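*Asks:* Give the three-dimensional model of this entry:
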Amino acid sequence: MFKKKASLASLALMLSLSVGLTACGSNEGGKSSNAAKEEAAVQNDGTIDASKLEPVALKMYTIGPNQKDLPMVQEEINKYLTEKINATIDINMIDWGDYSQRMQVITSSGENYDIAFTSSWAFDYLPNVSKGAFLPLNDLLDKYGKGIKEELDPRFLEGTKVDGVNYAIPANKELAQQYVWRFNKKYLDKHNLDISKVTTLEDLEPLLKTIKDNEPADITPLAVPKSFKPYLPVAYLLGDEIPIGMDLDTKDFKFNNILGSPELKSALTTMRKYYKDGYLREDVATLEGIDNIKTGKWLVDREIIQPYADLGWSRNAGYDIVARPMQDPVIYTSSAAGSMMAISAYSKNPERAMMFLNLLNTDAKLRNMIQYGLEGTHYKKLDDQYIEDLPAMQANYAMPGFALGNMYLTYLHKDEPTDKWDAFQKFNSSAKVAPTFGFNFNTDPVKTEVAAVTNVAKEFIPALYTGSVDPDEYLKKAEQKFKDAGIDKVITEAQKQFDEWKAQNK
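*Replies:* Numbering: from 1, shown residues only. I've put the predicted structure just below:
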């Protein structure tokens, strides 16, 4: 479920493109030429009278590998949508690693699509808001998305506003973020390894050593790719690839260059030791990803959890996976923006697009169809709440459910507890709120420096953070390169904007 593969190359591309701040589409004010008719179809209770609407064909882009049975499922979805809002939808999927760059090209070309997945880590939300790629949604939400506002934790919409305006609809799911160590239970049991007190990076050492000393060389003790970052208790400004953040327990509310923090230096020393001891793959600094679930040849990796995620991981893997938290859950601006759907500035039918998004967040039949496919083909219904996957689901229709709207409407699998969605709400309610929650940094005043800093991060961060190079030598080089690229100017501009935002949002 969690494919959080933020792309530095995509971020650099987005920031380097010279696109104006005003909306790039011809649709001014978020209204179509049929706006009056669309509004007339809304009943007093917020439902839609489809008989008053002209037929509309919508086009949507979302993230994830294309699914063989999507045309079959889409046919049934469109029958239902025609009944509900007299619309059809053409769902186009773009694979994880290609999504950001492909969507940037599609958007820059002025293609007439209606809806796209966006987030804090793929087809990045803030840069595209700045470029005018998405429509402002406040009025559309009030008229056609009342169900969304009723269903969604209000902190999702509040945390993703830019200057008081929403430009995308977040998925109703876990609002907080919590990193965990994720373990292959087979090796814990085989070697009688206790993880009850494992929290920090340093706590892993005896477990990693046991696997290195007692298992074949193709079993990786710490199986992470080049995107691995040691956990630090900070709220990052531009994602954890860029070393700018604010301490979660800050007293002065200042952004800092975290490369100089003693906590990071300690973590880098530990990672260097682990690398030299053979606990990581030798090619980790260039490794785009490891399919641990599929191979099973690993002891521990790092993941972001949600309540009962270990059950889903185990179900997908076909073997038991367990987790230990590194930290308490925290609500960041980036976690509120972890999965969203935006309406394109080029959409000719923004009203109908919002009607569709409203259904996706309020209508259980549609929501489950788009995620799980067709009953009897892709899943077996056990009762009104529970389902069992059929072989065709994993083979032909394994959709990324977290990217498809209100998760609280979805069926449970037979191994999941009935209180799953209550647990999500408790998880969100119990979380600490980051001091930067709701702050969205406008990079335009320093876009040249941000692009340069991003390039330096591509050069140094994977090697440094995975222990592939000696931090005593390379950390100083990295600090100087970041300084030359203008990281101090970025921090100064971010601090100025944050101070202004904080004064207005006491």
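
*Asks:* Could you report the neighbour count for Asp252?
*Replies:* Burial of Asp252 is recorded as 7 neighbouring residues (other CB atoms under 10 Å). Yep, even glycine has a C-beta here, placed from its N, CA and C like the rest.

*Asks:* quick one: contacts for the spatially most central residue of the chain?
*Replies:* The centre of the chain sits closest to Gly338, judged by CA atoms, centre = their mean, with a distance of 3.4 Å. Gly338 makes contact with Lys4, Ser119, Ser120, Trp121, Pro170, Ala171, Lys173, Gln177, Phe402, according to CB atoms under 8 Å, 6 or more residues apart in numbering.

*Asks:* Return the backbone torsion pair for it.
*Replies:* Dihedral pair for Gly338: phi -70, psi -20, per degrees, to the nearest 10.

*Asks:* How much space separates it from Asp139?
*Replies:* Between Gly338 and Asp139 the distance, using CB to CB, to the nearest Å, works out to 25 Å.

*Asks:* Can you list the low-confidence ranges for the chain?
*Replies:* Counting by pLDDT under 70, the chain contains low-confidence residues at 1-30, 33.

*Asks:* for Phe439, helix, strand, or coil?
*Replies:* Under the three-state scheme (DSSP: H, G, I helix; E, B strand; the rest coil), the conformation of Phe439 reads as coil.

*Asks:* and Asp283, how many residues sit next to it?
*Replies:* Here the neighbour count serves as a burial measure; for Asp283 (other CB under 10 Å) it reads 11.

*Asks:* Kindly indicate whether the closest residue to Arg272 other than its chain neighbours is helix, strand or coil.
*Replies:* When the adjacent residues along the chain are set aside, Arg272 lies closest to Gly467, with 4.3 Å between them (CB to CB, 6 or more residues apart in numbering). Recorded secondary structure, Gly467: coil (three-state DSSP).

*Asks:* Now do the contacts for Gly467.
*Replies:* Under the criterion of CB under 8 Å, 6+ apart, the contact partners of Gly467 comprise Leu268, Thr270, Met271, Arg272, Lys273, Tyr274, Tyr275, Lys276, Leu280, Val284.

*Asks:* wait, doesn't the third one sit right on Pro462?
*Replies:* No - if you go by CB atoms under 8 Å, Met271 and Pro462 don't touch, sitting 11.5 Å apart.

*Asks:* any idea how far Gly376 is from Val105?
*Replies:* Applying CB to CB to Val105 and Gly376 gives a distance of 39 Å.

*Asks:* hang on, Ile91 packs against Ile63?
*Replies:* No - checked against CB under 8 Å, the pair Ile91 and Ile63 is beyond contact range at 11.5 Å.

*Asks:* Show me which of these two is the more surrounded one.
*Replies:* Here Ile91 and Ile63 are set side by side on neighbour count (other CB under 10 Å), and the busier one is Ile63, at 25 against 21.

*Asks:* Would you list the phi and psi of that one?
*Replies:* Geometry field for Ile63 lists phi and psi as phi -90, psi 150, criterion degrees, to the nearest 10.

*Asks:* what's the closest of the contacts of Gly467 to Ile242?
*Replies:* For those, the closest approach to Ile242 (CB to CB) belongs to Leu268, at 16.4 Å.

*Asks:* name the element Lys458 belongs to?
*Replies:* Lys458 is located in helix 447-465, with elements delineated by DSSP states H and E.

*Asks:* Which strands or helices does that helix pack on?
*Replies:* Taking 3 or more CB pairs under 8 Å, 6 or more residues apart in numbering; DSSP states H and E as contact, the helices and strands that helix 447-465 lies on are helix 8-16, helix 262-276, helix 471-485, helix 487-504.

*Asks:* just checking, which of the ones you listed sits deepest inside the structure?
*Replies:* Mean neighbour count, computed with mean count of other CB atoms under 10 Å, is highest for helix 8-16 among the helices and strands packed on helix 447-465, reaching a mean of 20.

*Asks:* Need the distance between the two termini of stretch 337-349.
*Replies:* Using CA to CA, to the nearest Å, the end-to-end distance of stretch 337-349 comes to 24 Å.

*Asks:* Now that stretch: buried residues?
*Replies:* With burial defined by 16 or more other CB atoms under 10 Å, the residues of stretch 337-349 counted as buried are 337-349.

*Asks:* Report the distance from that stretch to the chain centre.
*Replies:* How far stretch 337-349 lies from its chain's middle: 15 Å, per CA atoms, centre = their mean, to the nearest Å.

*Asks:* And stretch 90-110, what's buried?
*Replies:* For stretch 90-110, a neighbour-count test (16+ other CB under 10 Å) marks 91, 93-94, 96-97, 99-104, 106-107 as buried.

*Asks:* tell me the contacts of Ala168?
*Replies:* Under the contact definition (CB under 8 Å, 6+ apart), the residues listed for Ala168 are Thr118, Tyr125, Phe134, Leu137, Thr160, Ala337, Met340, Met341, Ala342.

*Asks:* Which of the residues you listed fall within helices?
*Replies:* In helices, defined here by DSSP state H, the members of these are Tyr125.

*Asks:* could I get the contacts of Ala168 as JSON lines with distance to Ala309?
*Replies:* Listed next are these as JSON lines, based on distance: CB to CB, whole Å:
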{"residue": "Thr118", "distance to Ala309": "23"}
{"residue": "Tyr125", "distance to Ala309": "23"}
{"residue": "Phe134", "distance to Ala309": "29"}
{"residue": "Leu137", "distance to Ala309": "30"}
{"residue": "Thr160", "distance to Ala309": "23"}
{"residue": "Ala337", "distance to Ala309": "20"}
{"residue": "Met340", "distance to Ala309": "20"}
{"residue": "Met341", "distance to Ala309": "22"}
{"residue": "Ala342", "distance to Ala309": "26"}
